[in-house]
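> Sequence and predicted structure, then a few things I'm wondering about:
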Amino acid sequence: MDHAGELILGLMVAVAALSTIARLINIPYPILLVIGGVIIGALPGLPDVEMDPDLVLVLFLPPLLYSAAFFSSLRDLKANLRAISMLAVGLVILTAAGVALVAHTLIDGMSWGAAFTLGAIVSPTDPLAATAIARAQGAPRRVITIVEGESLINDGTALVLYRAAVAAVVAGTFSLADASFDLVIGIVGGVAVGLAAGWPIAEVRKKLNDPPVEITISLATAYAAFLPAEELGFSGVIAAVTAGIYLGWRAPEVSSAEMRMQGRPVWQLLVFLLNATLFVLIGLQLPIVLDALEGWTPGELTVYALVICFTVVGLRLLFLNTTPYFIRLVDRRESQRERRAGWQLRLIVGWSGMRGAVSLAAALAIPNFTDAGEAFPDRDLILFLTFSVILFTVVVQGLTLPALIRRLNIGDDSQEGYEEIRARLRAAEAALERLDEVEGEDWVREDTASRLRRLHEYRIRRFRAQKHGDDAEGIEDRSVAYQRLLRELLEAQHRAIVGMRNEGLISNDVMTRIERDLDLEDSRLEI
């Protein structure tokens with residue numbers, strides 16, 4: 001705990017500064033955070049910042065997985081389940097085996113156990129940088145869904161392989177049957193624990209209407225699924241993802257409007273801080289990794305790193321551009337033919353396979369000694385090669401991915417925007433239907449009903465014009481002008497209440513409550 005306060009303050013300053021610079025120069029912040037961490041770690045006089053693997057696997061990983069699963073689209077995940085499963089299981093196994101073969105052949109004296117440990121470590125992907133870039137460049141939603149869905153599951157597959165490989169080195173024995181059984185049991189057991197944790201939590205939250213308590217429960221849910229699964233020998237990753245998907249599906253019935261308004265910003269901030277801190281910590285590990293290397297020349301290390309990086313990237317591109325053709329020979333259903341992706345989309349998905357904190361945490365968690373008391377073979381070299389793969393995929397692929405998306409001209413298919421217009425149109429129609437039902441009630445004033453009817457009829461005309469691309473009436477221009485006027489009025493009200501607070505006419509609490517209402521109105525504006 002030495003220098004803990006200085007470390008926390010330094011990390012927060014680094015995260016804020018580097019993220020701001022990334023926004024100013026229009027680079028996805030994970031890339032700059034990793035580079036910045038490397039530069040900061042190389043500064044003379046700074047203490048080494050050692051990354052505790054348990055801190056990542058237990059503290060950081062569960063909320064990140066749970067949040068990604070919670071806010072994912074179950075419909076899109078189901079629609080792309082086959083592609084996601086192939087990448088999360090098939091490609092992970094292929095990458096682990098392929099890297100192991102190359103490492104064992106290339107590096108003199110590296111045992112099969114150490115080589116398979118390296119392969120398992122670098123096999124899972126980290127979606128953050130890739131999806132941030134893809135969204136900013138307007139990539140098709142299917143690309144984002146596949147990359148996110150793959151990363152939700154492949155951590156579980158990779159960690160099972162990793163444990164089997166490490167156990168083989170430490171204990172000196174390996175059984176393919178046992179490893180396969182552990183993989184299946186880990187996934188099935190993880191799903192069961194995730195559902196077992198998610199159902200009672202959903203039932204409890206249905207009976208609550210206390211946002212601070214509900215937010216606390218939501219933050220604890222990831223650990224409530226992850227930790228029991230790990231203790232039982234199942235996949236905590238799969239458990240956290242399952243709980244996230246289940247509660248995300250049931251969220252509309254268990255969360256109030258107030259809870260949603262307060263909970264989403266909390267999760268948004270938490271996920272940003274966790275991810276940003278992890279990427280800085282990754283960069284800070286380079287000096288520690290380099291200091292531990294002995295017995296290899298810089299030239300040898302460079303060759304090893306480049307070959308392993310090219311193997312990881314090459315196997316992913318090879319897998320994505322071969323297996324679909326084998327599947328097409330077997331599955332010729334019309335529904336599947338309509339979902340076939342072109343080589344451009346597959347290339348973008350392939351180039352989005354960036355590695356991150358899970359790989360580094362797994363490498364750091366390698367034990368120092370075997371059961372026989374001998375040093376774990378090539379542990380320091382495995383750490384270096386893992387860091388090299390992370391640095392190459394995050395920086396090189398991350399910086400070139402935007403240009404690749406633009407070059408291939410794979411833009412957003414506008415499906416999500418069209419669905420939003422349909423949903424808004426249906427919501428406005430539902431409001432009018434309900435207004436027809438209650439208009440005759442004693443408590444409904446005629447002038448109020450008339451005003452609301454005109455409002456929703458105008459919305460329906462506007463959304464129909466957007467849906468059909470026909471705005472002969474100039475509805476959109478009138479709507480923008482109306483929203484601009486509303487914002488002017490809201491800003492005037494805000495200045496007025498701040499002035500009253502400054503003059504001592506109202507308390508700060510009164511100003512904050514009114515300010516919140518004005519901000520909610522402003523958040524509804526589209527301009």
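Ah, there it is.
> Secondary structure element for residue 173, which one?
Counting by DSSP states H and E, no helix or strand carries residue 173.
> Excluding covalently adjacent residues, which one is nearest to it?
residue 167 (8.0 Å; Cβ to Cβ, 6 or more residues apart in numbering). All C-beta spots, glycine's among them, are computed from the backbone N, C-alpha and C.
> what's the following helix or strand after the host helix or strand of the one you found?
If you go by DSSP H and E, residue 167 is part of helix 141-171. For helix 141-171, the following helix or strand on the C-terminal side (DSSP H and E) is helix 176-206.
> Does anything pack onto that next one? Which helices or strands?
Applying 3 or more Cβ pairs under 8 Å, 6 or more residues apart in numbering; DSSP states H and E, we find helix 176-206 packed against helix 141-171, helix 211-231, helix 236-254.
> Residue 260: what's its closest spatial neighbour, skipping adjacent residues?
Nearest residue to residue 260, sequence neighbours excluded (Cβ to Cβ, 6+ apart): residue 251, at 7.9 Å.
> Looks like the one you found contacts residue 71 (just checking).
No - counting by Cβ atoms under 8 Å, residue 251 stays clear of residue 71, with 9.3 Å between them.
> Which neighbours do these two have in common?
Counting by Cβ atoms under 8 Å, 6 or more residues apart in numbering, residue 251 and residue 71 have no common neighbour.
> and the gap between residue 140 and residue 125?
Per Cβ to Cβ, to the nearest Å, residue 140 is found 18 Å from residue 125.
> With neighbour numbers in mind, choose between the two.
Shown here are residue 140 and residue 125; by other Cβ atoms under 10 Å, residue 125 has more neighbours (29 against 21).
> ok but that one is inside a strand, no?
No - assigned with DSSP: H, G, I helix; E, B strand; the rest coil, residue 125 falls outside any strand and is coil.
> Hmm, residue 147 and it touching each other?
Yes - using Cβ under 8 Å, residue 125 is in contact with residue 147, at 7.4 Å.
> shared neighbours, those two?
In contact with both residue 125 and residue 147: residue 352, using Cβ under 8 Å, 6+ apart.
> closest to residue 292 out of the helices and strands packed on helix 176-206?
Nearest to residue 292, of all the helices and strands packed on helix 176-206, is helix 141-171, at 18.0 Å by Cβ to Cβ.
> Helix or strand with the lowest mean pLDDT in the chain?
Least confident helix or strand, the chain: helix 334-338 with a mean of 63, by mean pLDDT, DSSP states H and E.
> which stretches of the stretch 251-400 of the chain form helices?
Taking DSSP state H, counting those that start in this stretch, the helices of the stretch 251-400 of the chain run over residues 257-284, 286-291, 298-320, 323-330, 334-338, 343-351, 357-364, 379-391, 398-408.
> Summarise which helices and strands the second one is packed against.
In this case it means helix 286-291. helix 29-42, helix 379-391.
> Would you convert the ones you listed into TSV that also reports distance to residue 505?
TSV is the format used below for the helices and strands packed on helix 286-291 (distance: least, Cβ to Cβ, whole Å):
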stretch	distance to residue 505
helix 29-42	42
helix 379-391	56
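> For the ones you listed, which has the smallest mean pLDDT value?
Mean pLDDT is lowest for helix 29-42 among those, at a mean of 83.
> on contacts alone, who are the packing partners of that one?
helix 4-24, helix 128-136, helix 257-284, helix 286-291, helix 379-391, helix 398-408.
> can you give me the angle the second one makes with helix 343-351?
Translated: helix 128-136. 150 degrees (axes from the mean of the first three to the mean of the last three Cα atoms, to 10 degrees).
> Would you map the helices across the stretch 401-527 of the chain?
415-438, 446-468, 475-502, 508-523.
> Walk me through the domains of this protein.
The chain breaks down into these structural domains: 52-279+298-410, 414-473, 485-527 (assignment by automatic domain parsing).
> quick one on the thing from earlier: quick check: which of the helices of the stretch 251-400 of the chain is buried the most?
Mean neighbour count (mean count of other Cβ atoms under 10 Å) peaks for helix 357-364 among the helices of the stretch 251-400 of the chain, with a mean of 25.
> pull the CA atoms of it into PDB?
Presented in PDB, the C-alpha positions along helix 357-364 are these (Å, rounded to 0.1, in the frame of the first residue of the first chain):
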ATOM      1  CA  ALA A 357      -6.500  -6.300 -19.800                       C
ATOM      2  CA  VAL A 358      -7.700  -9.900 -19.500                       C
ATOM      3  CA  SER A 359      -4.700 -11.100 -21.400                       C
ATOM      4  CA  LEU A 360      -2.200  -9.200 -19.300                       C
ATOM      5  CA  ALA A 361      -3.900 -10.200 -16.100                       C
ATOM      6  CA  ALA A 362      -3.800 -13.800 -17.100                       C
ATOM      7  CA  ALA A 363      -0.100 -13.500 -17.900                       C
ATOM      8  CA  LEU A 364       0.700 -11.800 -14.600                       C
END
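> What's the mean pLDDT across it?
Here the average pLDDT along helix 357-364 is 83.
> Residues touching it, excluding its own?
If you take Cβ under 8 Å, 6+ apart as the criterion, helix 357-364 is touched by 51-53, 55-57, 60-61, 120-122, 124, 126, 155, 158-159, 162, 278-279, 281-282, 285, 382-383, 386-387, 389-390.
> again, 6 Å this time
By Cβ atoms under 6 Å, 6 or more residues apart in numbering, the surrounding residues in contact with helix 357-364 are 51, 53, 56-57, 121-122, 124, 155, 162, 278, 282, 382-383, 386, 390.
> now do stretch 122-141
When contacts are defined by Cβ under 6 Å, 6+ apart, stretch 122-141 is touched by residues 28, 30, 92, 95-96, 143-144, 147-148, 151, 154-155, 158, 275, 312, 352-356, 358-359, 386, 389, 394, 398, 401-402, 405, 411-413, 416.
> how about the domains of the chain in CSV, adding distance to residue 10?
As requested, the domains of the chain are exported to CSV (distance: least, Cβ to Cβ, whole Å):
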stretch, distance to residue 10
domain 52-279+298-410, 11
domain 414-473, 39
domain 485-527, 32
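> Out of the ones you listed, flag the one nearest residue 6.
It is, among the domains of the chain and with distance given as Cβ to Cβ, domain 52-279+298-410, at 14.9 Å.
> mind checking the end-to-end distance for that closest one?
40 Å (Cα to Cα, to the nearest Å).
> phi, psi of residue 292?
phi -80, psi -10 (degrees, to the nearest 10).
> Ignoring the adjacent residues along the chain, who's closest to it?
Counting by Cβ to Cβ, 6+ apart, the nearest residue to residue 292 once its immediate chain neighbours are dropped is residue 380, at 4.3 Å.
> Packed most tightly, which of the domains of the chain would that be?
domain 52-279+298-410 (a mean of 19).
> before we move on, back to that, quick one, which of the helices of the stretch 251-400 of the chain is nearest to residue 192?
Residue 192 lies closest, by Cβ to Cβ, to one member of those: helix 357-364, at 22.6 Å.
> Next, the angle helix 379-391 makes with that closest one.
Using the same axes, to 10 degrees: helix 357-364 against helix 379-391 is 170 degrees.
> Compare the helices and strands packed on helix 29-42 and say which comes out lowest on pLDDT.
Among these, helix 128-136 carries the lowest mean pLDDT (a mean of 71).
> Quick one: closest of the helices and strands packed on helix 286-291 to residue 454.
helix 29-42 (45.2 Å).
> Downstream of that closest one, the next helix or strand is which one?
Downstream of helix 29-42, the first helix or strand assigned by DSSP H and E is helix 53-54.
> Identify the residues contacting residue 104.
Residues near residue 104 by Cβ under 6 Å, 6+ apart: 110, 112, 115.
> Please name the nearest non-neighbouring residue to it.
residue 115 (4.1 Å).
> likewise residue 95?
In space, residue 95 is closest to residue 123, 4.1 Å off (Cβ to Cβ, 6+ apart).
> pLDDT at the one you found, what is it?
pLDDT recorded at residue 123 is 94.
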